[in-house]
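**Student:** Structure, please.
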Amino acid sequence: MHLEEFAEGNSILHRLDPRVKLMAAAPLALLVALMQGFQGPARGLLLAVALVAIARLNIKKVAVRLAVVNVFVLMLWAFVPFSYPGTEAFSIGPLAASREGLALALGITLKCNAIVLATIALLGTSQVMNLAHALVHLKAPEKLVHLFFFFYRYLGVLHDEYARLRTALRVRAFAPGTDVRTYRAFAWLLGMLIVRSFERSRRIYQAMLLRGFHGHFPVIDHFTLGKKDMAFGALMAVALLIIWRGL
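**Tutor:** Numbers count the residues shown, from 1 in each chain. Below you'll find the model as predicted:
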């Protein structure tokens, strides 16, 4: 698994201090998520698209990420307009879609896409280790940082373990279907994955104790806040104000 494909680049966003990007991404996502209507989220989406362009990211890879998110958003369009009360906009047989429901679905769509694009552009352009390092500098709870670090470090390991179990099933001529046998096989696979993950976590923890781990990682290297970082932070603050208040 390659989880840092967007971090491979040399744009201005790739070179920024990850602390600044974290401090810009968090309020942007929070502001867009809490705004009512769709004008504010639309401005947030425009800012997110601009950040993706500045980061010079691969459009096809970004589109794949957006497609995954919008599959779930499409489900909202199938239910929200027809279940939200309000003025009727159109009807399909006995089902009537309300204008308020359509506006709500549109607002959610804009919010989801804006937050995903902004997260990719701001956080995806930094290596995960640098983000964990930045969280330490920003005084995030150590346990949260440890969870974040270990989740990233061993996600690929768990994926490889899952692939080996699936290979073992195929070697035994297992063909998935929609019967009880298939559900039972996947339940056993999931249970075995949990057992192996638990056993591996115990071995990792024992290895860490043998190496003198005392509950925290020492921070050796430190980031340097430059003029470009401060200028970007100031521009993002202005952009957030525009999204909130409008022009």
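**Student:** Which of the helices or strands spans Leu28?
**Tutor:** Per DSSP states H and E: Leu28 is located in helix 18-34.
**Student:** After that helix, which helix or strand is next?
**Tutor:** Where DSSP H and E defines the elements, the next helix or strand beyond helix 18-34 is helix 39-55.
**Student:** Against which helices or strands is that following helix packed?
**Tutor:** Contact analysis of helix 39-55 by 3 or more C-beta pairs under 8 Å, 6 or more residues apart in numbering; DSSP states H and E lists helix 12-15, helix 18-34, helix 99-122, helix 227-245 as its packing neighbours. Any C-beta I mention is one placed from the backbone N, CA and C, and that applies to glycine too.
**Student:** Figure out how far the helix or strand of the chain with the lowest mean pLDDT is from the centre of its chain.
**Tutor:** When the helices and strands of the chain are scored by mean pLDDT, DSSP states H and E, strand 88-92 comes last with a mean of 81. Averaging C-alpha positions (C-alpha atoms, centre = their mean, to the nearest Å) puts strand 88-92 35 Å from its chain's average.
**Student:** returning to that earlier point: list of residues touching the helix holding Leu28?
**Tutor:** Residues outside helix 18-34 that contact it (C-beta atoms under 8 Å, 6 or more residues apart in numbering) are 13, 40-41, 44, 47, 111, 114-115, 118-119, 122-123, 125-126, 130-131, 133-135, 137-138, 223, 225, 229-230, 232-233, 236, 240, 243-244.
**Student:** Give the buried subset of those as a ChimeraX selection command.
**Tutor:** In ChimeraX syntax, the buried subset of the contacts of helix 18-34 is picked out as below (16 or more other C-beta atoms under 10 Å):
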select :13,40,41,44,47,111,114,115,118,119,122,123,125,126,130,131,133,134,135,229,232,233,236,240,243
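**Student:** need the contact list for Asn70.
**Tutor:** Thr109, Cys112, Asn113.
**Student:** and which of those is nearest to Asn58?
**Tutor:** Asn113 (17.3 Å; C-beta to C-beta).
**Student:** Could you double-check that that closest one lies in contact with Val69?
**Tutor:** Yes. Taking C-beta atoms under 8 Å as the definition, Asn113 is a contact partner of Val69 at 7.0 Å.
**Student:** of those two, who's got more company?
**Tutor:** Set Asn113 next to Val69 and count neighbours by other C-beta atoms under 10 Å: Asn113 wins out with 20 against 14.
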